[in-house]
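Student: Mind looking at a prediction? Sequence and model below.
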Amino acid sequence: MDLDLRKLRYFVTVAEQLHFGRAADELHIAQPVLSRQIRALEQDLGASLFTRDRHGVELTDAGRQLLADAGPLLASTHAVRRRVSAAARGNRRLMVGFRAGVPVTPAARMFEDRHPDVVVDVQRIEADDQAAMLLDGRIDVGYVRLPIDEAGLRVTPLYAEPRVAVLPAGHRFADKEEVTEADLAGEPLVWHGDPSTQPTRRPHPDAGYPVRGVDETLEHVAAGRGISFLARSASVFYSHPDIAYVPIPELAPEQVCLAVAASHTSPVVDDFVTAARSAAEITAECGNYEMWQLGGDAAAGPA
């Protein structure tokens, strides 16, 4: 039996609220109607999704599994709607998401040589929304940084990027050529939203300020509230008078990848993926990291 997407949306709302009354209010339907729909879904699947008793509502193992699978499935239906609507309007546009410090220009130039009729548009994404924006169709392709939940995605590695310590300009190590984790042990940390930007060993894991994105990170560090760790491209793209970037070679490099929703099959998207891989390979052959980061002539190939 085909899965009823309306029932699935009802299920997700109940699973998030763990309360039938609040879920019914959010869905703008009567609670008895919602209960019947959930029972019908359970019958369709042949599994109990919730336990209900005087203590409240809890997900069963089957319910937890369905909740994990439901997000990408519902997101893919939104993506289909977006792509069909764009096609109906005659749009020839490719929306490319990118994380801070990852330039799109080299691949876009290669791609546009082959598809001059397709407009490459770009949108900044962050660690906490990079997967969701791919799955629901807000972006067609994404330059992402690991880790990322790869469920429902095709992920292609592009290159690895060294990391740097981000220090206040007046920090005792601000003028060093490089630092180690031991040098920075005990320092309060500004926590970036992407856990891959932090060292493997985290001194004082409860210390510091949680932030979202590079801009917030730099402002908190500049204010002296802690230190942080970012990909080396931050030192190219984000100069700040109150910030010092110091290499920290012992940290594992950050992996930059290209990601596409697995359900999004398109020759245009495939051609962009090919262009992005070619641009990254040419840059590696040139050995000129800064030119890649600035989107310069490295994309044209070695001299």
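Tutor: Yep, it's here.
Student: Just the helices from the stretch 151-300 of the chain, written as ranges.
Tutor: Under the criterion DSSP state H, counting those that start in this stretch, the stretch 151-300 of the chain contains helices at 214-222, 233-237, 267-286, 289-293.
Student: Let me see the mean pLDDT of the first one.
Tutor: Looking back up the chat, that one is helix 214-222. For helix 214-222, mean pLDDT is 93.
Student: Restrict it to CA atoms and write it as PDB.
Tutor: What follows is helix 214-222, C-alpha atoms only, in PDB (Å, rounded to 0.1, in the frame of the first residue of the first chain):
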ATOM      1  CA  VAL A 214      31.700  32.700  10.900                       C
ATOM      2  CA  ASP A 215      30.500  36.300  11.500                       C
ATOM      3  CA  GLU A 216      29.200  35.600  15.000                       C
ATOM      4  CA  THR A 217      32.300  33.600  15.800                       C
ATOM      5  CA  LEU A 218      34.600  36.400  15.000                       C
ATOM      6  CA  GLU A 219      32.600  39.000  16.900                       C
ATOM      7  CA  HIS A 220      32.700  36.900  20.100                       C
ATOM      8  CA  VAL A 221      36.400  36.100  19.800                       C
ATOM      9  CA  ALA A 222      37.200  39.800  19.100                       C
END
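Student: Any buried residues in it, and which?
Tutor: For helix 214-222, a neighbour-count test (16 or more other Cβ atoms under 10 Å) marks 214, 216-222 as buried. The way it works is simple: take the backbone N, C-alpha and C, and place the C-beta from them, glycine included.
Student: Mind checking what helix or strand follows the longest helix seen in the chain in sequence?
Tutor: Counting by DSSP state H, the longest helix found in the chain is helix 61-88. Per DSSP states H and E, the first helix or strand lying C-terminal to helix 61-88 is strand 93-98.
Student: mind listing what's buried in that following strand?
Tutor: So for strand 93-98, counting by 16+ other Cβ under 10 Å, buried means 94-98.
Student: which other residues reach that strand?
Tutor: Applying Cβ atoms under 8 Å, 6 or more residues apart in numbering, the contact partners of strand 93-98 are 86, 104, 108, 111, 118-125, 130, 133-134, 138-144, 268-269, 272.
Student: still on that earlier bit, rebuild the helices of the stretch 151-300 of the chain as a markdown table, extending it with distance to Asp149.
Tutor: What follows is those, written out as a markdown table (distance: least, Cβ to Cβ, whole Å):
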| stretch | distance to Asp149 |
| --- | --- |
| helix 214-222 | 21 |
| helix 233-237 | 23 |
| helix 267-286 | 20 |
| helix 289-293 | 27 |
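Student: returning to that earlier point: now go through the contacts of strand 93-98 and say which are in helices.
Tutor: Counted as lying in helices by DSSP H, out of these, are 86, 108, 111, 130, 133-134, 268-269, 272.
Student: can you pick the most crowded of these?
Tutor: Using other Cβ atoms under 10 Å as the neighbour criterion, Leu134 leads the ones in helices among the contacts of strand 93-98 with 29 neighbours.
Student: does that one really touch Ala261, like I thought?
Tutor: Yes. Here Leu134 lies in contact with Ala261, judged by Cβ atoms under 8 Å, at a distance of 5.0 Å.
Student: Just want the phi and psi numbers for the residue of the chain most remote from its centre.
Tutor: Distance from the centre of the chain peaks at Arg54, with 39.4 Å (Cα atoms, centre = their mean). Phi and psi for Arg54, reported as degrees, to the nearest 10, are phi -70, psi -20.
Student: Please apply the same query to His28.
Tutor: Backbone torsions of His28, given as degrees, to the nearest 10, read phi 60, psi 40.
Student: Would you mind measuring from it to Leu74?
Tutor: Separation of His28 from Leu74 (Cβ to Cβ, to the nearest Å): 18 Å.
Student: quick one: which of these two has more around it?
Tutor: Neighbour count, other Cβ under 10 Å: between His28 and Leu74, Leu74 has more, with 16 against 6.
Student: Pull the contacting residues for the more buried one.
Tutor: Contacts for Leu74 (Cβ under 8 Å, 6+ apart) come out as 5, 8-9, 12.
Student: Alright, calling it a day.
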